[in-house]
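S.K.: missing the sequence, but the structure's below:
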């Protein structure tokens, strides 16, 4: 698995706009973020450049306008980030991560049992 650099809250907000619309220009992102993050054009373009360098987004040209799209969907992004957390902080042990989540009351044992049941059912349906 290729580990990518983590992203900031602003980078995540920019990606959320792109995910929501499928594709977006810097001006479109600026407009969508204006209510909660009034930014000028230059910082938005800098964030997009960073995201592109980190391998999270790509662009295509339409005339002289860069149109950005994400290289993976939100679920894939979340799974990759969780996998990186497991590798970095739990020595690759998903069990350690889940045990810590139960200990910190982020998830309860009933939820874990439901997940196990669902995964078992899906695995049996594939066979």
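M.R.: Alright, I've got the coordinates. Because the structure is predicted, anything quoted here is derived from the model rather than measured.
S.K.: I'd like the distance between residue 79 and residue 72.
M.R.: 9 Å (C-beta to C-beta, to the nearest Å). Where C-beta positions appear, they are placed from N, C-alpha and C, glycine not excepted.
S.K.: compare those two (neighbour count), which wins?
M.R.: Set side by side, residue 79 and residue 72 show more neighbours around residue 72, with 15 against 12, by other C-beta atoms under 10 Å.
S.K.: quick one, grab the pLDDT at the more buried one.
M.R.: pLDDT for residue 72: 90.
S.K.: quick check: closest non-adjacent residue to it.
M.R.: For residue 72, ignoring the flanking residues on the chain, the nearest one in space by C-beta to C-beta, 6 or more residues apart in numbering is residue 80 at 7.2 Å.
S.K.: I'd say residue 57 and residue 72 touch.
M.R.: No - between residue 57 and residue 72 there is no contact under C-beta atoms under 8 Å: 9.8 Å.
S.K.: surely residue 41 touches residue 29?
M.R.: No - taking contacts as C-beta under 8 Å, residue 41 lies outside contact range of residue 29: 9.9 Å.
S.K.: next, the buried residues of the helix or strand where residue 52 lies.
M.R.: Applying DSSP states H and E as the criterion places residue 52 in helix 41-54. Neighbour counts over helix 41-54 (16 or more other C-beta atoms under 10 Å) mark 44, 47-48, 50-51 as buried.
S.K.: for the top helix by length along the chain, packing partners?
M.R.: Counting residues, the longest helix in the chain under DSSP state H turns out to be helix 109-126. With contacts taken as 3 or more C-beta pairs under 8 Å, 6 or more residues apart in numbering; DSSP states H and E, helix 109-126 sits against helix 94-103.
S.K.: how big is the angle separating the helix it packs on from helix 109-126?
M.R.: On the basis of axes from the mean of the first three to the mean of the last three C-alpha atoms, to 10 degrees, helix 94-103 is oriented at 140 degrees to helix 109-126.
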